[in-house]
Every structure is written in structure tokens, then in C-alpha cells.
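Asker: Need a 3D model of the following:
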Amino acid sequence: MKKVSLLAPGPTPVPPRTLLAMAQPLIHHRSADFMALIGQVREGLKKVFQTKNEVLTFCSSGTGAMESSVANLLSPGDKAIAIRGGKFGERWTDILKAYGCQPIDVNVEWGRAVKPAEIKELLAKDPSIKAVYVQALETSTGVDHPVRELAQVTKDTGAVLVVDAVSALGAYNIPSDEWGLDVVVSGSQKALMMPPGLAFVSIGPKALEMMKTSTLPKFYFSWAKELKSQGQNKGAFTSPVPLFIGLLDVFNFIEENGMQTLWAETEVKSKAFKAAVKAWGLELFSKENASPALTAVKVPENMDAQDVVKWLKDKWGIFIAGGQDQAKGKIFRVAHMGYINEFDTLQAISAIEMALAGLGYSFEMGAGVAAAQRVFGEGM
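Answerer: Numbers count the residues shown, from 1 in each chain. The predicted structure follows:
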């Protein structure tokens, strides 16, 4: 019997109580009941983003929120820095080009984090740069970029800082207002423990001012349109009612457990898994700033990481992720965010051990499980 287990960095498992909440009879998206629900969701989003600013919700994947942060801030020909340390950093360049903007690519070695001093130098040399686009967590490499330090760099310039926190938000502390993050985008299917389908954009004062001068085309992803509608507890277009109901339940779940408790649990799961990797004699793909939200693991040179991914899926219904682009076949990635507990993590470690052994890697079976158990034991 195979029981599907989601341990990839998205989508992550959804709490059963949230699935039940979304199974309620549908209500109309223009009804008073739904408007009241949107009001509660808006307040919940502000708590999770740690901001007093408006957080818009779009019915899309996180990429929709990324696209909106180009379409609503820039004009044709505008220059913007795209920090490219992985697959999703490269996506910023693709979006900028699609809208006729001029990306200034900062290529960071995969597995490393950007150096804020490099961005500071670029902004000083060219004050016409309008924005800096970066990932809080580069999901393809398992590396956290120093967004707090980048905010200090952009603070006194004409450029806004736009942070992709699709995988990071909810997994660890990202205080939008305290750090001065101008725009933070995220999605529902990662640490927020929801199915895919909702994207979020937190918009600070500096970004709101820049929005007023943007001449790029926008329709569905118009911030101005959604700010007006959501300010009245309505969506500009048809809202995915069950997803909003589920999101409100997740916010209640977070409130009951405590956001800091969830961050601490993510940190412990990450430490336990990384201890297992060390016990196997393998290396992390992230050479610095390894994220607590997920772990990217390098496989031995004579092994294809996709075989590890396939082994877990085919034999036991356990979903982890492989590498992308230049990292394909070289790494596998395991999530620690959201509705994943200690025993889910131990299950993943045990299954990976059997896959590694089955694929011919020589190591002490059980070493990773024991190393992780010791970490979890210390946290009890």
C-alpha cells in the first residue's frame, strides 16, 4: 500500500482540518458572508507578512505575484537588477524582458548568496535603476539571500526592493516592515500549508508611489484595481471561495500554534535533516546561507539524483524534488516547511537511505536516522 507523502518544496501537505473547511458548501463570492471572510483574511495576511501595509491576493501561482511586481512598478525601458542565483532568480530576468524592461543581471554562483556590496555599487553607479528583484529563499539551491541587508542598501536610493518569499514566508522570520522591504510576494502552497492557487503581494509606501508612475500594461494583475476592490473586502474578479475559506483556517491554525513555534519547528527539522546528510557522508548544495525551509543535497558523482527522486516516488509514494537546469541530476531537495512534522522528516531520511543503498552508495545504514533522532531528542 502506498500512502502519498509530500516532502518536496511545494506543494506541501495541507492540514486535514483545512481540507475539511474547504469542503463546506460554496457561498457566493459577492455575498456579505464572503466579504466578511475577505476582511478576516486581509488581517491574517498582515500578521503573517508582519506589515501594516495592504497585502493583495491574486488567484494564481506565485509567479503571478512576481509578474505583477514588474507590471505595476516599471515602465518600458526601465532598468532593474535581477539577482540570479538559481532557477527562480533567472525568472526575474525573463519577466523583465517580457515587459520590455532592461534587466541588469547579477549572476551569483548556484549554491551561494548575493553580496549586498555588489548591489550597492551598481545602484551608486546608476541612480536610474528602478528596482532590485531577489529571492528570500532561492528554492532551486536551498540558499537564503540576505534580504535584510539588501533593504539597507536600497533604503536611501530611488530603487525599490522586491522580495520573492514564495518558499520563505511562514517558514522563518521575515518582518516586512521592520526590515523595510518594499514589496514581498508569496504563494499559498509552501509554508502557508494550502493548495496551489493563491498569490500574495505586500506593498510598502515607496512601492505605492512608484506604482503611480508605471506605464506598463496590466489588467488582471493591476494593483490599483485590486487595492480599490480589496479595500472594500471584494475581489476585482471572481474569487476562489474555497481557497479563501481554507486560508482563514490556516491563519487560525497559525494563531493557535504560534508563528514563532512554527519557525522553531522548521529550524529543528532542518537541523535534523542536515545532520542526516552529514552522517551519510554527503554534502549540501548550498555552500553558504543554507535555508531552514528546505535542504538541497549533492549526490555522489556516479549517481543521478533523479533516480533517488524516482525511487522514493515509485516505491513508497514519497515526493521529494530533484535539481533544475544546471543542477538537474546532481541534487535532490527535501522540504521542512509547513505541515510536515518530525516523523515525516524521519520517514524521508529512512526512505532516502534505502534509495541510496539500493542505487549502490556505500554508507552505514541507519546513520542518518540516528543523527536526526539525536537532534530531535535534544529539542524535547
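
Asker: So which residues of the chain form helices?
Answerer: In the chain, helices defined by DSSP state H lie at 16-22, 32-49, 62-71, 87-98, 116-125, 147-154, 176-179, 205-211, 223-230, 241-257, 259-280, 305-316, 342-358, 367-378, listed in chain order.

Asker: Turn the ones you listed into CSV, including mean neighbour count, mean pLDDT and distance to G187.
Answerer: All C-beta atoms are positioned from the backbone trio N, CA, C, and that covers glycine. Putting these into CSV (neighbours: other C-beta atoms under 10 Å; pLDDT from 0 to 100; distance: least, C-beta to C-beta, whole Å) gives the following:
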stretch, mean neighbour count, mean pLDDT, distance to G187
helix 16-22, 15, 98, 16
helix 32-49, 17, 97, 12
helix 62-71, 24, 98, 3
helix 87-98, 19, 98, 11
helix 116-125, 15, 98, 25
helix 147-154, 20, 98, 17
helix 176-179, 18, 98, 16
helix 205-211, 18, 98, 19
helix 223-230, 18, 97, 16
helix 241-257, 18, 97, 11
helix 259-280, 20, 98, 17
helix 305-316, 18, 97, 22
helix 342-358, 19, 98, 21
helix 367-378, 17, 97, 28
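
Asker: between these, which gets nearest to G323?
Answerer: Judged by C-beta to C-beta, the one of those that comes nearest to G323 is helix 305-316, at 5.9 Å.

Asker: which residues are in contact with that closest one?
Answerer: 2, 5, 297, 299, 318-323, 328-332, 348, 351-352, 354-356, 358-359 (C-beta atoms under 8 Å, 6 or more residues apart in numbering).

Asker: hmm, 10 Å instead?
Answerer: Helix 305-316 is contacted by residues 2-5, 7-8, 285, 296-299, 304, 318-323, 327-334, 347-348, 350-352, 354-356, 358-361 when judged by C-beta atoms under 10 Å, 6 or more residues apart in numbering.

Asker: quick one: which of those sit in strands?
Answerer: Per DSSP state E, strands hold the following members of the contacts of helix 305-316: S5, A296, V297, K298, I318, F319, A321, G322, I331, F332, R333, V334.

Asker: Distance-wise, check the closest residue to the fifth one other than its chain neighbours relative to T12.
Answerer: In this case it means I318. Of all residues beyond its chain neighbours, the one nearest I318 is L312 (4.2 Å), with distances taken as C-beta to C-beta, 6 or more residues apart in numbering. Using C-beta to C-beta, to the nearest Å, L312 is found at 16 Å from T12.
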